[in-house]
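Chemist: Below is the sequence, then the predicted model.
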Amino acid sequence: MGANDLVIRIGGESGDGYVSTGDILGRIAASSGYDVYTFRTFPAEILGGHVMFQLRIDVEKVTSRGDMLDVLVATNQEGYEKHHKDLHETGLIVYDSNSAEIPAENTREKLGIPVVDIARKLKYPRGKNAVLLGAVVQLIGLEVEEAETMIMRRWGRKSAAIGEQNIAAMRAGMAYAAENWPTERQFRLEKPHDTESERLVIDGNQAISMGALAAGCRFYAGYPITPASSVMEFMAKELPKFGGVMIQAEDEIAAINMVVGGSFAGKRSMTATSGPGVALMSETLGMASMAEIPLVLVDVQRVGPSTGMPTKTDQGDLNLAIYGMAGEGPKVVLAADNVEDCFYVMSAAFNAAERFQLPVLVLSDQDLSNRIQTVPLFDMSRMQQIPRVLPEIKEGEKYLRYTVTENGISPMSIPGMPGGNYTAESLEHKPMGAPSHEPDNRITQMNKRFRKMETVAKEMADWNLFKYHGERKPNIAILGWGTSEGAVTEAVSRCQAKGISVGAFYTNLLLPLPVDVIAEFVKDAKVVFVPELNYTGQYANWLRSQMGLESVGYYRYDGLPFTAGEIEAEIEKLAAS
Amino acid sequence: MGANDLVIRIGGESGDGYVSTGDILGRIAASSGYDVYTFRTFPAEILGGHVMFQLRIDVEKVTSRGDMLDVLVATNQEGYEKHHKDLHETGLIVYDSNSAEIPAENTREKLGIPVVDIARKLKYPRGKNAVLLGAVVQLIGLEVEEAETMIMRRWGRKSAAIGEQNIAAMRAGMAYAAENWPTERQFRLEKPHDTESERLVIDGNQAISMGALAAGCRFYAGYPITPASSVMEFMAKELPKFGGVMIQAEDEIAAINMVVGGSFAGKRSMTATSGPGVALMSETLGMASMAEIPLVLVDVQRVGPSTGMPTKTDQGDLNLAIYGMAGEGPKVVLAADNVEDCFYVMSAAFNAAERFQLPVLVLSDQDLSNRIQTVPLFDMSRMQQIPRVLPEIKEGEKYLRYTVTENGISPMSIPGMPGGNYTAESLEHKPMGAPSHEPDNRITQMNKRFRKMETVAKEMADWNLFKYHGERKPNIAILGWGTSEGAVTEAVSRCQAKGISVGAFYTNLLLPLPVDVIAEFVKDAKVVFVPELNYTGQYANWLRSQMGLESVGYYRYDGLPFTAGEIEAEIEKLAAS
Amino acid sequence: MAEQAKLTPNDYKSGVKPIWCPGCGDYAVFNGVLTALSTLQIPFHQISIGSGIGCSGRFPAFVKSFGFHGVHGRALPLSTGMKMANPDLTVLTVGGDGDAFSIGGGHIAHAARRNVDVTYIVMDNEIYGLTKGQPSPTSPLGLVRKASPYGTVEQPLNPLPMVLATNASFVARGFSSRPKDLAALIQKGIEHKGFSFIQVMSPCVSFHNTYKHFRSVTKPLPEDHDSSDMNSAMKYALDQETVWLGIFFERQAPSYDELQRGVQEKVHKEGYDVETLVRGFLR
Amino acid sequence: MAEQAKLTPNDYKSGVKPIWCPGCGDYAVFNGVLTALSTLQIPFHQISIGSGIGCSGRFPAFVKSFGFHGVHGRALPLSTGMKMANPDLTVLTVGGDGDAFSIGGGHIAHAARRNVDVTYIVMDNEIYGLTKGQPSPTSPLGLVRKASPYGTVEQPLNPLPMVLATNASFVARGFSSRPKDLAALIQKGIEHKGFSFIQVMSPCVSFHNTYKHFRSVTKPLPEDHDSSDMNSAMKYALDQETVWLGIFFERQAPSYDELQRGVQEKVHKEGYDVETLVRGFLR
Ligand SMILES: Cc1ncc(C[n+]2csc(CCOP(=O)(O)OP(=O)(O)O)c2C)c(N)n1
Ligand SMILES: Cc1ncc(C[n+]2csc(CCOP(=O)(O)OP(=O)(O)O)c2C)c(N)n1
Ligand code: SF4
Ligand code: SF4
Ligand SMILES: [Mg+2]
Ligand SMILES: [Mg+2]
């Protein structure tokens, strides 16, 4: 039996190394030419506690975590109890028979492996993970060479001897599985379709960080918060190599103000945080809008409100991103749809910030931030930088920072520019920057600032921020945003295969909303379907408020990402009604 | 000639006491039985700078600042230059002829008063204000006794002698005006219609503060910010008399957290701030929503974004009030429509907070906060307190703080209650309060919390929070909110008098929006008209998002409140089209 | 009512199992609090514990008392609200070094100058535990972590002199490896009327294990240290070699609730009510 | 280019007229800054001034330089961003006592421990000027204002010991009535490489006129005070009788931009670029 696609889940005790086992398994598959996609949970405990790691391997592109499991690896009893319900009827349970027992009522195939015994026999009790890894490698038919390379790269990093021990354990696991499981019942994967092209194995936060660096970010200030911390940590490591600076600030308010100062002083500057941090930053975001300071803020969304569920995913901050400002000023909100997107969207974000001199929020989420995906090697030619409009300073003429222009963009000087001195102002101000509370000046400056939003809409329409999946003129028109793209894309393909007229539109650009493009897409649709990972349907609400668009929603708010299967089911329901 | 209604403006140098002169004039009129309504501007300078004080006096109810001026009191040249354009063709300029000169091209009536000379003659140079006051008292025909009483009450507070000197100056001003202005050309007011009923002369922030005290508020923490500071100052003076506590916190984040702590500990607790403060508080507001803590936050709106124009008015924080939260949780947003309303809305606010255990935002604004109005003596019987639902603690049974109930309200114990101990939790939590990140529990608790919003909608529908002006089934249906009510009401009356079918609906309750009530009101309308003091039309947007309602907007964002005249003109345009 | 049996430290456990790593210094603080509460026999319903976010911030749920696990860094204002709204309560405030000295760093001086009667216990592990090991304001110079891959270049803060400089009325330091002394300090902090600040060196075994280090550099304050002498307190607090343990400074002063009660009593008017107040504004 | 004429203090005026009340202490600080800048002959375009909100916060607009009038209380992080993104700039940070010690109170310790090379001038008038006279964290005990009708009951903070306790590398105090000394202090603060903190007693004539008071209680630090001696600095800073003026403490230490440049140099790799970085993640 050969499969195109396998979903494998490992359930066990955190700290026992099963997450890194899963990670290695994914890397073996990826280096063999498969496409991989991971998904994991985090325990409630600081250390220890139950954890699961899910890996989907496909012979070609994989865009979601998958529905039911093909293989469940239970490393202890809880690993079985918590997850067996998610296993296909035809799926296989691989379990540590020294640590778990499969109850009699189980109807699925199972293969017990005396992991502890085997490891003990090898005189390497810590080799348990490698034994299980070997068993899975054997069962799904991965290449042993690739597996050995990966093990050396990971477990052998610190000591080659430990690497060798793990390879031995892995081989023992393979041997046990080969002996105890008939070849014809193996969960063998077909050969991968593309082993040639260069592909990266990365998670969303890595893509965001690399995207930021490629987009010219040279100043970062942040404050640790799950699930955004790894962006800060990445930047801490890389920025100095590029002559840049990363500051771990004392809090989010300090971070965003440092970013404002850094940008004012001329560097492409950013921060990343999650919902609680964005809330704290909102006063200063308004200031950046008023003083016309470019900056990029990445919101890696987690479940709120408040501390909520920090390790779970959600799309609950769209309202905050769009509306979270005292008073009114221009800003741009973007969302990343998948791991690859995380890279390119940072280019759009920095370009929008610099070009239009305003704060740009980028929405990602816990699932995107953590999932490891195979993505095509990034195309650097797509990372062109649009520079800030600098003034021409004329001798004897006072430079006017907030000059009233047709497109709303006023040339911005940089500290260090002779003759370019001015004061950036959080009060309403005259063109030269001095505070003013004259009604007429207020109207002029508000109009000027908001004209930038028209310029944004006009210019960003050509920035390659829209994606269509499935039909371009579907009966069922799906409008999604952000992280759900993968599951929705997959569901659309499946439904199209069943003859349903369905298509999905994703825009990275959420504010300003590309109303015309959306209107064109939904023009002939019988129903507009908006799936979101939140309770109130924030995007649906935004669509209604901006273009009077009515839609059918599907909301999930338990902290887990969509599966393609549940979206498929919803589409089918709509098609049937 | 007798008028029902006079609009008088004093323009001059701040610090010269003209604002308090205007204030006294208003109080003389009020104590004579007239209805008054004030409006003023603030100078850019910390001390000094140009300032204007406007007073409208009517024989019966006055609800807006008025359109054109009947009398302009110019205390210096700027006072003339800045304001003469706002004077009616038939209006009168009263001016200090020692300090200002009226140019030849002026076509209006004018009366120059050598204020400086007169004061000097009285050997009381500081009597300038009283001289001018006297002239106006004479010209509009106020009672001299009332004037003397008020002068003694104000200027004679510290020393009776100073009071007497001012009375003499006032009489000199009266005499001069009487001599130099023909009686038949006086701007005499008709007798007031109601001199009997008890009426208060207060501003919006005073009404809010008294409303809070009447609603049982006993804990206040705040941080100074224009135009909200006077609420804090009022509470500082009064709360200790009621056994309560007011804390000037170190910042807004501290203030809102103190309020959360105070409410948790059992006191009706509140804070007041303006836009920048609300932005800073939004993280903790989300926490209050999650942990289900009652609290009241008053946002006295000023012009944003950011520091903006702190002494000018705006309705720019509706979005922030509704949407300013990371993630999603229940809260209630109310708006006060006029000075009287400021009092009663605080009762609704505290009752909603306590009954539904959530944060309640009350929107007021700079204009409401500062304007002094005559309002009927408050009716204390309308201030009934709805208490928190307390648990029945049973021996041997663990009290479950976040018990799942049908209406979403879980009985809340108060520190000090034996057996009532629990931990209020900002993480997602189980009914007993312990953190949980289980998907099922999350769904249960989110549903429970959001059920409170249904309960809110159901119960608050009966809380007397809706106002209708003009026709109940108009062709032109006006949906307004907050501070614009006065100008709109007046415009509606005027237009009705012209035979236009028009009516306005105001709801104090903005979140949740009373969708059915609004739908019923606009059902037969040809056009829905939404005037707002902001740029983007936040209420119109909210109406569209919540009920798909399309409307015609009229937006003012220069920092000044609406005049009835401009609304009237818009209504007429709509009626004509 | 039946005669009350004496409450043991164990009685003060809520039954919610601490989620801390085995060996975490916070267990000692937990036990210290249980011991102090039982020594003082404070009824469960009269205790209220405020905290922010962090491993240490999870504290309140584990104690049988009222508690509030609020937002990151605002444990002191939260607790100030509790105490001032309900002065009968015994209020503890707990949290980590990040919560206290980084995001919450602006609040300590104000709790101190108000002399709010809360006992603030900072579990200082010199690291951000909950977020998996970023350096904190008290982390030693050169600490290499993911967020500081080339070693921190920022000087660590020394919290005690900073708190002493606010003229706080009770300032002490304990160490998780000296549980008895710690329990006694906590008890004294609770007994002290006014703001009590207790820094506890509470190692994080998972991200910055400092047990050994602190065992070697800590010492109880010398007998002759006079805890009413600010200059002496400051000298020991500034000491760069030895990390002294004990009560550095203590002074008697009216607490914020007493001061506010004083104001209330001063302005009290018989029969004054909102109606009277409102009528004062009649035209 | 033609030979540069020497810039006078007046040349550093932007032409925007200060909105301060006549007699406000902030004028002296303004003049002190103009004098210091002209003494140091720093070109206009190399100066950047960050501020928060308050009367004092209006400062940057009046100086011919780059400036940023940001939000209330965040002048230090704002300035930190400026300096670290563009280390060639001479960065000043200015603001009031509310901005600095109340809402912004959490940031000073962190600017100090990073040793960010900015000169922070706090115009301390012991009051909230711009919002019309509410008490500030440095207001004297018992101050009666609208927000404290019965007199404040909170002890005032004494900022200098607090800043000293952060081990800031330059700590000084000036007084608006001693404009020459003040200008010299500001100049030394600018010259100091690293974080310089200067508290200026700068009376508010409209809401809390303290000229007389400070004229009587201020004194220049005694000649024998050794500004490298933290204990001596702390002693004078803690003094309750005399408000000493001058440089309390000063030490040489690498500034944050130097430290970060050090890291950059350490990790510099020839030819390293984003492409190289990205390719490191190939499957
Ligand atoms: C506003 C906000 N920012 C950031 C975080 C993420 N966060 C949670 S705990 C923590 C710091 C933990 O360190 P510490 O206070 O020292 O406590 P410990 O875990 O070490 O006990 C941070 C940054 C948050 N929850 N909220
Ligand atoms: C977030 C925020 N809160 C409050 C205010 C209002 N506010 C403006 S200035 C100020 C304090 C002014 O005092 P200080 O910092 O001492 O400056 P001064 O005016 O005395 O120079 C306050 C509270 C604000 N602008 N922003
Ligand atoms: S991570 Fe550190 S601080 Fe947190 S529980 Fe574990 S040992 Fe304690
Ligand atoms: S109010 Fe005070 S601080 Fe502000 S400008 Fe006037 S004197 Fe200076
Ligand atoms: Mg810590
Ligand atoms: Mg001040």
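Modeler: Okay, I see it. Ligands and ions are numbered 1, 2, ... in the order given.
Chemist: counting contacts, what elements does the one helix or strand C:V94 maps to pack onto?
Modeler: Taking DSSP states H and E as the definition, C:V94 sits inside strand C:90-96. Counting contacts by 3 or more C-beta pairs under 8 Å, 6 or more residues apart in numbering or on different chains; DSSP states H and E, strand C:90-96 packs against helix C:26-40, strand C:47-51, helix C:75-85, strand C:118-124. Every C-beta, even on glycine, is put in place using the N, C-alpha and C of the backbone.
Chemist: Tell me which of these sits nearest to ligand 5.
Modeler: Ligand 5 lies closest, by C-beta to the ion, to one member of the helices and strands packed on strand C:90-96: strand C:118-124, at 6.6 Å.
Chemist: Next one: the residue of chain A most remote from its centre from A:K467, what distance?
Modeler: In chain A, counting by C-alpha atoms, centre = their mean, A:G396 sits farthest out from the average C-alpha position, at 50.5 Å. Distance, A:G396 to A:K467, by C-beta to C-beta, to the nearest Å: 51 Å.
Chemist: ok, now A:S20?
Modeler: Between A:S20 and A:K467 the distance is 33 Å, computed by C-beta to C-beta.
Chemist: now do A:V375
Modeler: Relative to A:K467, and taking C-beta to C-beta, A:V375 is found at 15 Å.
Chemist: Could you do A:H83 as well?
Modeler: Going from A:H83 to A:K467 by C-beta to C-beta gives 33 Å.
Chemist: How are the strands of chain C distributed by residue range?
Modeler: Applying DSSP state E to chain C gives strands spanning C:47-51, C:66-69, C:90-96, C:118-124, C:127-128, C:134-135, C:170-175, C:196-201, C:218-220, C:243-250.
Chemist: Same list, the ones you listed, but as TSV with mean pLDDT please.
Modeler: Listed next are the strands of chain C as TSV, based on pLDDT from 0 to 100:
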stretch	mean pLDDT
strand C:47-51	98
strand C:66-69	98
strand C:90-96	98
strand C:118-124	98
strand C:127-128	98
strand C:134-135	98
strand C:170-175	98
strand C:196-201	98
strand C:218-220	98
strand C:243-250	98
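Chemist: As a markdown table, the ones you listed with mean neighbour count and distance to ligand 4 would be great.
Modeler: Shown next, in a markdown table, are the strands of chain C (neighbours: other C-beta atoms under 10 Å in any protein chain shown; distance: least, C-beta to the nearest ligand atom, whole Å):
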| stretch | mean neighbour count | distance to ligand 4 |
| --- | --- | --- |
| strand C:47-51 | 29 | 36 |
| strand C:66-69 | 29 | 38 |
| strand C:90-96 | 29 | 35 |
| strand C:118-124 | 30 | 34 |
| strand C:127-128 | 28 | 39 |
| strand C:134-135 | 28 | 39 |
| strand C:170-175 | 28 | 34 |
| strand C:196-201 | 28 | 33 |
| strand C:218-220 | 14 | 47 |
| strand C:243-250 | 22 | 34 |
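Chemist: Could you dump those strands into TSV and include distance to ligand 2?
Modeler: Shown next, in TSV, are the strands of chain C (distance: least, C-beta to the nearest ligand atom, whole Å):
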stretch	distance to ligand 2
strand C:47-51	23
strand C:66-69	24
strand C:90-96	24
strand C:118-124	25
strand C:127-128	27
strand C:134-135	27
strand C:170-175	27
strand C:196-201	26
strand C:218-220	40
strand C:243-250	28
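Chemist: rewinding a little: possible to save the helices and strands packed on strand C:90-96 as JSON lines with distance to ligand 6?
Modeler: Formatted as JSON lines, these follow (distance: least, C-beta to the ion, whole Å):
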{"stretch": "helix C:26-40", "distance to ligand 6": "39"}
{"stretch": "strand C:47-51", "distance to ligand 6": "30"}
{"stretch": "helix C:75-85", "distance to ligand 6": "22"}
{"stretch": "strand C:118-124", "distance to ligand 6": "28"}
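Chemist: Mind checking the ones you listed for the one nearest to D:D229?
Modeler: strand C:118-124 (27.6 Å; C-beta to C-beta).
Chemist: Show me which residues of the stretch 251-400 of chain A are close to chain D?
Modeler: Within reach of chain D by C-beta under 8 Å from any C-beta of the partner chain, the stretch 251-400 of chain A has these residues: A:251, A:253-255, A:257-267, A:269, A:283-284, A:287, A:291, A:374, A:377-378, A:380.
Chemist: Let me see the contact set for the residue nearest to A:D203 when sequence neighbours are not counted.
Modeler: In space, and not counting its chain neighbours, A:D203 is closest to A:I372: 4.9 Å by C-beta to C-beta, 6 or more residues apart in numbering or on different chains. Shown in contact with A:I372 (C-beta atoms under 8 Å, 6 or more residues apart in numbering or on different chains): A:D23, A:G26, A:V36, A:Y37, A:T38, A:V201, A:I202, A:D203, A:V339.
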